[in-house]
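J.: What follows is a predicted protein model with its sequence.
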Amino acid sequence: MRIRPAWPPAHARVLPRGLRRGIAVALTVLLLSPVPGCREPLVPPGAPTPWPTAQAHSWQWQWQLSGPLDVTVDADVFLLDPVGTTSTDTAALRARDRRLICQVRVGTYAATDPDASRFPTVVRGEPVAGRPGSRWLDVRQWDTLSRVLADRFRLCRGKGFGAVAFDDADGYLQRSGFPLDFDDQLLFNRRLARLARSLDLSPGLVDDVPQVAALAPDFDFAVNQECVRRRECAKLLPFSDAHKPVFHVEYTGDPAAFCVTTVGYGFASILKARTLDAWRESCPLP
């Protein structure tokens, strides 16, 4: 129902012209004057993580999934676990103007996950090597998986993350227990990117190097493990050539050696322990 303004009746006495003009001027001043305490913060809580291309190649990053979170690390971008990271942690990082990415497993589940019971038996595949209690998921079952993954993304957004990195997004390369092929994975990963954007989260691709060329237009950044050791860093160039960040980590080797390659490609590179605790050694900025 349309609500009409409560105009005075036609027979009401009209205010003198001078008084009407004075009231109009006063209202204009009030409307145009800044209101103290209402200034919008640089990055409002829960806003999507910005990825300005002019800065993409000059960001340092940190990846921490274990141990007490060190919010003082000198990095622009933090990749964290959304379950173990508290809203207090994210608030402390955002107060330092850090960009926050949450890591979400999209192609696997673990029996210890809070939402493990939401994955029906029909979508559970073979065990994940080296991760007891984890199994691959049938990524063809979008209607079933998308509801659970959307809630995982909402958890990220609710804690103040602005971006989400899709981990285990390469089940087609694994012994998943399902006949997944390249196109099944491609469709799933693109659907995930659209789902993340619909929730105001910037999507990022973790590994899945064989599909980088196809998926780079759909994603805002890439996270890569050991492209130097695996000799596949050049395959990540579709991201850096598009001025999109590539966050790269090696677990072995001398940064003085591998940084020459990765910084030349425009990657943000670090050396980490496989436990992904707070320790890191970063490559110098270009």
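T.: Structure's in. What do you need? Quick caveat: nothing in here was measured; it's all calculated off a predicted structure.
J.: which phi and psi does the residue nearest the centre of the chain have?
T.: Nearest to the mean C-alpha position of the chain, counting by Cα atoms, centre = their mean, stands A163 at 1.6 Å. Backbone geometry at A163, expressed as degrees, to the nearest 10, gives phi -150, psi 160.
J.: Next one, pLDDT for it please.
T.: pLDDT, A163: 95.
J.: Next: L192.
T.: The predicted local confidence for L192 comes out at a pLDDT of 98.
J.: where along the stretch 101-250 of the chain do the helices fall?
T.: In the stretch 101-250 of the chain, the helices defined using DSSP state H, counting those that start in this stretch lie at 142-158, 182-198, 212-215, 227-230, 237-241.
J.: Redo these as CSV? Include mean neighbour count.
T.: Placement of C-beta: from N, CA and C, glycine included. Compiled in CSV, the helices of the stretch 101-250 of the chain are given as follows (neighbours: other Cβ atoms under 10 Å):
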stretch, mean neighbour count
helix 142-158, 17
helix 182-198, 18
helix 212-215, 18
helix 227-230, 18
helix 237-241, 18
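J.: Between those helices, which one is closest to T262.
T.: If you check each of these against T262 by Cβ to Cβ, helix 227-230 wins as the nearest, at 6.5 Å.
J.: Summarise which helices and strands that closest one is packed against.
T.: Where contact means 3 or more Cβ pairs under 8 Å, 6 or more residues apart in numbering; DSSP states H and E, helix 227-230 is packed against strand 246-250, helix 255-265.
J.: need these in a markdown table with mean pLDDT, distance to G67 and mean neighbour count, can you?
T.: Formatted as a markdown table, the helices and strands packed on helix 227-230 follow (pLDDT from 0 to 100; distance: least, Cβ to Cβ, whole Å; neighbours: other Cβ atoms under 10 Å):
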| stretch | mean pLDDT | distance to G67 | mean neighbour count |
| --- | --- | --- | --- |
| strand 246-250 | 97 | 16 | 25 |
| helix 255-265 | 92 | 21 | 16 |
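J.: Nearest to L187, out of the ones you listed?
T.: Evaluated with Cβ to Cβ, the helices and strands packed on helix 227-230 place strand 246-250 nearest to L187, the distance being 23.6 Å.
J.: Give the partner strands of the closest one in its sheet and their orientations.
T.: Here strand 246-250 is paired, per DSSP bridges, with strand 221-225 (parallel), strand 268-271 (parallel).
J.: Which one of these lies nearest to G177?
T.: Set against G177 and scored by Cβ to Cβ, the strands paired with strand 246-250 come closest in strand 221-225, at 23.6 Å.
J.: Return the set of buried residues in that closest one.
T.: For strand 221-225, the buried set under the neighbour-count rule, 16 or more other Cβ atoms under 10 Å, comprises F221, A222, V223, N224, Q225.
J.: Kindly export it (C-alpha atoms) in PDB.
T.: Backbone C-alpha positions of strand 221-225 (Å, rounded to 0.1, in the frame of the first residue of the first chain) are rendered in PDB as follows:
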ATOM      1  CA  PHE A 221      43.300 -14.800  -7.600                       C
ATOM      2  CA  ALA A 222      45.200 -18.100  -7.400                       C
ATOM      3  CA  VAL A 223      46.900 -20.000  -4.600                       C
ATOM      4  CA  ASN A 224      49.600 -22.400  -5.600                       C
ATOM      5  CA  GLN A 225      51.800 -25.000  -3.800                       C
END
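J.: Report the distance from it to the chain centre.
T.: 12 Å (Cα atoms, centre = their mean, to the nearest Å).
J.: can you offset everything so residue one is 34?
T.: All set: I'll call the first residue 34, so the last point we hit is now strand 254-258.
J.: quick one: that strand to helix 288-298, angle?
T.: Strand 254-258 runs at 150 degrees relative to helix 288-298, counting by axes from the mean of the first three to the mean of the last three Cα atoms, to 10 degrees.
J.: residues making contact with strand 254-258?
T.: Strand 254-258 is contacted by residues 84, 89, 96, 112, 134, 196, 198, 235, 237-240, 242, 245, 249, 266, 269, 272, 277-282, 284, 300 when judged by Cβ atoms under 8 Å, 6 or more residues apart in numbering.
J.: go on, stretch 180-192?
T.: In this structure, residues lying in contact with stretch 180-192 by Cβ under 8 Å, 6+ apart are 79, 115-116, 118-120, 123, 135, 137, 139, 148, 151-152, 197, 225, 228-229, 232-234.
J.: swap in stretch 144-156?
T.: Applying Cβ under 8 Å, 6+ apart, the set of residues contacting stretch 144-156 from outside is 116, 142-143, 166-167, 170-171, 174, 177-178, 180-181, 184-185.
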